[in-house]
Structures are given as structure tokens and as C-alpha cells.
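sequence plus the predicted model coming up.
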Protein chains: 2
Amino acid sequence: MSVEEYAPDHLPGTKRKRGKGVGAVYDTIKHEILDLTLAPGSPIDEVRLSERFGISRTPIREAMVKLAGEGLVVTLPNRFTIVAPIDFPNLSQFFDALSLMYRVTTRLAAANRTAADLVRIRALQDHYAEAVEARDVPEMIEVNRNFHAEIARAGNNRYYTELFERLLDEGRRLLRLYYSSYNDKLPRIYLQEHEDMVAAIERGDIDTADRIAHAHAQQIVKQIQASITADHRVNANIPL
Amino acid sequence: MSVEEYAPDHLPGTKRKRGKGVGAVYDTIKHEILDLTLAPGSPIDEVRLSERFGISRTPIREAMVKLAGEGLVVTLPNRFTIVAPIDFPNLSQFFDALSLMYRVTTRLAAANRTAADLVRIRALQDHYAEAVEARDVPEMIEVNRNFHAEIARAGNNRYYTELFERLLDEGRRLLRLYYSSYNDKLPRIYLQEHEDMVAAIERGDIDTADRIAHAHAQQIVKQIQASITADHRVNANIPL
DNA sequence: TGTATTTTTGTTGTCGACATAAAATATGTG
DNA sequence: CACATATTTTATGTCGACAACAAAAATACA
């Protein structure tokens, strides 16, 4: 999952397909925001992006509007667009919503999962185990997100899935910001919790699924909070 | 709250302010979609809109991207944009999410409401009572939505508020579609439930607020479902 | 030297025109 | 007359240029 640098991802001679440009810009910028390649609060220049991607400002602009709709960038009218800052004062709102969505989606997954869902969930669980084994922290964060998103999809409620994915993405950004304080023990706790979660979903045990999801959410919230408290650079700017 | 027809809402001589155009188009089209002035599934022509609003296609396009982000319109690549159809097969997802958000937001409101919140909520409750008295159904539907949205705001969690407002808007569209089957009794039941809800929020009684919200949600879901079942034009096209 | 005012600069918001994709229509062939 | 193929139509996607706005820089003035 490498990031293409200065992505002129079309060969010199080939012409980019119609309607492909916005999607490419949107995906790339979204990844870079969640990656922290683009620091929270840093300005985004439309002209620079149009040069980088080799397309005009119009499609760049559309991608920005989409990103703004998801809260990933903030547009200052007539001035610039910045990468959405992390809203520390209101983190409790985030934690509250995140916990509820963990529970709701996991419950629904236990109720509605199909055999195909279970295969996909297990595959991601295995992938996560590998990342833990390899001590690849960025990979762990990403796969963890995909694991829970897949469970949400199995729950089969697009409103929950959509909100949850947004929350998971925001969480990914927070974890990235603080992954320095990751220790070896935590990932293994998560691994076990994931295992129990999958088992509960598999046998359709809604109450247990809910309980585990709840505990898991609290675990993660606690970890993020601890990381933030431990870090005294909270309000420092992220270096470019 | 009248809809301006063919809104060239700037006087002939005056120049529209920069950045005002997109907002105007967005607001107008959003209202017309929720109003059913624009029928679900009907195509939206960018050129026609640009003529109607007297601005070029670029800002129209941005408004469309925003609306698409909220699921109010659907873009068929290289073809057209249509008003989002009502997703009948998945209505249960909608009802489930709506019920949960009713409960969560009302609970939080009971926990977090300020005096100023209570004033705003009471004002909307009075407004609703007036609409019931006047038997003004469209007004009832709109004020009802704003009443619950205000409660959600008092709960002070932007993730819930945002999702809930989206769900309430979609619900408004459904109610509009079927308000023919409104009878005199239901609005009065809602009125009483609202009264109890406000009282519980006022005295910070979280459990009671939750219970009432739950009952209220079930009441509304039941009503919508009954309306749909009673209506055999479900799959008929809405006349333009 | 410090403050108010003008000019410059950089970046966004909007425009009109053109290129292109997909559907609708017309054309040709067995 | 059915069916495949070419052509036209229609609306979108993209472009390059210009205008307007807000901040920064330069200038005027007390």
C-alpha cells in the first residue's frame, strides 16, 4: 500500500480517462490525510495539487468539496482549504460515538452475518495477526480499521457503517499521532479480543458480541486517552 | 417558508456575492428534494439549473457534489444526476438507525441540556402545537423535524446530531409521500409524547427520556409502515 | 517613529468553451 | 423484417483565463 509520490500516474503518452481524475485526487489526498502525510491544519493549495496531478483546478476542487463533506478538510471561504485539525476539546463526543458504533455494528454482525462475511472477517483477523507478529504498527492500525469496518458491513446497515467508517478513520489519525507509545502488550490483548469477537459473531451470540465490543471500545479509548495525556506536545504543530 | 420560483433572487442590477451562488443552489435544491417538489428519481439537468439561477455550471456542479455527499442526489457517471430514489427494500435499516438516534440524542439531551437549549426546545414545541391546531400538515412535519434536531443539538454530540438530521430529513420525505393518510388523532398523540419528552429532558431524567424516545420512535415507524402498506402506489412514479 | 492608507500579491470563485462518453437514432445488410 | 453497425444527439467532464477577495507589503503622513 505504498503512496505514489507526485503521482503523475498516467504514462506520458496515455490520456487519463474522463472522470478518473477526481477519484484519484480524492483517494490520494484522503490517504495522505489519514496517514498524517498531510498534517492536521496544514493548508492545501489547489494550484499545487493541479500541477502535481497534471489536471486542471476544476476536478481538484470537486475532490476538495467531497473531502469537506466528510469533514476531512475545512474550507476557509476565499482564503484556503486546510486539513481538518484534530478537535481535542470535543474528543469525548468522538469516544462516545465510537463506542456506541462498536457495539451496534458488532451486535448487528452477530445477528446478520453470512458465511461469506465470516470468510472476509477471518481473513482480516489473520492479516492483523501477521502485522502483530511483524510488529508493523502502521499496518496494524490500518488492518484493525478494516477488520471492524468489515464487521460493520456484515451487520448490513449502511447508516451505521458509514458513520462508523468515518469514526474509525478519525481514530486512525489519532493512533498515528501517538503510536510512539504503543507497547508490545496491547496489540496482543486486542488480538485476543478480536478472536473472541469473531467467535461470538460466528455463533450469532448477540449479547456476548455486544459485551466484547463494549470492552474493546473502552480498551481503545483508554489507550488513546493515555497516549494523549502522556504526550505533552498535544498542541504543538506537526512538522511538515 | 415559501419556495421562490425560478429564483433569480438577485435584483437585475446587483451582482451576486462571490461564494453565495453555491450555497443558494444547495439550499434551494435541498429544500425542493425534501419537499418532494423534486420527485425521487427525477433527473437534474445542470444546464437547466445554471439558467434558472443565472450562474455558470461550475458552482451548480459543486452544489451537486455536496448533495451527493449527503445522499440526496445520485450521480450516474457521464450520464446524469438524479434525485435520490427512496430505498424501499432497505427501509428497515433506516428505521433501525432512526430509532437508535432518537433514543441516544434524547438521552444525551437529558444529560447535557442547558437553560438556553430548553428555551429553544420549548419554543419549537409550542410551534408544533400551533401547527397541530391549524391542521397544517406540511408545517407539522417540518417543525417536528426541527424539534427533534434541536434536542439532538442540546445533547451536544456532533456525530449523532449529523446522522440524526440526515435521518430526520429522509423521514420527512417519507412522511410527505404518505401524509394523505394522516388522521387527526396521531398528531395529538405525538404532541403529548413531545410534552413528556421535554419534561424528562428538563428534569434530567435520562431513563425516562430514553423510554419516551423509544416509544415515540416506534410510534412513528409504525405510522410510516402502515402508510406504506396502505398505499398501493408504492412503486408508481411520482408525477412531476 | 508609529499609524493609517494605498498598492501589490497570492489564491480562490466563476465563467464560457471545448472534448468526450453513452444513449438514441439512423443507416445498411442478410 | 430482424439485427448489426455507423451517426447524431445530449449532457457531462475538463480546461484555461479572468475577476474578486483578503492578506501582506509598501507608501504616505502626522
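Arrived safely, thanks for sending. Numbering: from 1, shown residues only, chains lettered A, B, ... in the order given.

tell me the contacts of residue A:75?
With contacts defined as Cβ atoms under 8 Å, 6 or more residues apart in numbering or on different chains, residue A:75 is in contact with A:64, A:68, A:81. Where you see a C-beta, it was placed from the backbone N, CA and C, and this is true even at glycine.

for the residues you listed, which one is nearest residue A:222?
residue A:68 (31.7 Å; Cβ to Cβ).

the helix or strand encompassing the closest one: what's the following helix or strand?
Element membership for residue A:68 (DSSP states H and E) is helix A:57-69. Using DSSP H and E, the next helix or strand after helix A:57-69 towards the C-terminus is strand A:73-75.

any idea of the mean pLDDT in that next one?
Mean pLDDT, strand A:73-75: 97.

again, but for stretch A:170-185
On average, stretch A:170-185 scores 79.

which intervals of chain A have sub-threshold pLDDT?
Across chain A, residues meeting the criterion (pLDDT under 70) sit at A:1-16, A:180-183, A:231-240.

now do the strands in it.
Using DSSP state E, the strands of chain A run over A:43-44, A:73-75, A:81-83.

in the longest helix anywhere in chain A, what counts as buried?
If you go by DSSP state H, chain A has its longest helix at helix A:206-230. By 16 or more other Cβ atoms under 10 Å in any protein chain shown, the buried positions in helix A:206-230 come out as A:208-214, A:216-217, A:220-221, A:223-224, A:227-228.

by contact count, what packs against it?
If contacts are counted by 3 or more Cβ pairs under 8 Å, 6 or more residues apart in numbering or on different chains; DSSP states H and E, helix A:206-230 sits against helix A:91-112, helix A:158-178, helix A:185-202.

give me the most central residue, chain A.
In chain A, the residue lying closest to the centroid (Cα atoms, centre = their mean) is residue A:169, at 2.3 Å.

which residues of chain A lie near DNA strand D?
Proximity of chain A to DNA strand D, by Cβ under 7 Å from any atom of the strand, involves residues A:16, A:18-22, A:54-59, A:62, A:77-79.

of these, buried ones?
Using 16+ other Cβ under 10 Å, the buried ones in these are A:21-22, A:55, A:59, A:62.

show the contacting residues for the closest residue to residue A:43 other than its chain neighbours.
Distance criterion Cβ to Cβ, 6 or more residues apart in numbering or on different chains; nearest residue to residue A:43, sequence neighbours excluded, is residue A:80 at 4.7 Å. Contacts for residue A:80 (Cβ under 8 Å, 6+ apart) come out as A:43-45.

how close does the residue lying closest to residue A:193 once chain neighbours are set aside get to residue A:105?
Setting aside the residues directly before and after it, residue A:193 is nearest to residue A:216 in space (Cβ to Cβ, 6+ apart), at 4.8 Å. Between residue A:216 and residue A:105 the computed distance is 12 Å (Cβ to Cβ, to the nearest Å).

just residue A:225 next, same as before
For residue A:225, the distance to residue A:105 equals 22 Å [Cβ to Cβ].

over to residue A:55?
Look at residue A:55 and residue A:105: by Cβ to Cβ, they are 37 Å apart.

next: residue A:131.
Separation of residue A:131 from residue A:105 (Cβ to Cβ): 22 Å.

between these two, who's got more neighbours?
Taking other Cβ atoms under 10 Å in any protein chain shown, residue A:131 and residue A:105 do not tie; residue A:105 has more neighbours (27 against 20).

mind giving me the domain ranges of chain A?
Listed by automatic domain parsing, the domain ranges of chain A are A:20-83, A:88-230.

the first one and DNA strand C in contact?
This points to domain A:20-83. Yes. Interface with DNA strand C: domain A:20-83 contributes A:44-47, A:57-58, A:61, A:75, A:77-81 (Cβ under 7 Å from any atom of the strand).

of the residues you listed, which pair is most distant in space?
Longest span within those, Cβ to Cβ: A:58 and A:79, 19.5 Å.

picking up where we left off before, just want the angle from the helix holding residue A:68 to helix B:57-69.
Helix A:57-69 runs at 30 degrees relative to helix B:57-69, counting by axes from the mean of the first three to the mean of the last three Cα atoms, to 10 degrees.

ok so, going back, which residues sit in contact with the residue nearest to residue A:193?
So residue A:216 contacts A:102, A:190, A:193-194, A:197 (Cβ under 8 Å, 6+ apart).

can you do 7 Å?
By Cβ atoms under 7 Å, 6 or more residues apart in numbering or on different chains, the residues touching residue A:216 are A:102, A:193, A:197.

repeat for residue A:112
So residue A:112 contacts A:154-156 (Cβ under 7 Å, 6+ apart).

let's see if you can find the most crowded of those residues.
residue A:155 (26 neighbours).

of the contacts of residue A:216, which is the nearest to residue B:95?
Residue B:95 has its nearest neighbour among the contacts of residue A:216 in residue A:102, at 21.5 Å by Cβ to Cβ.
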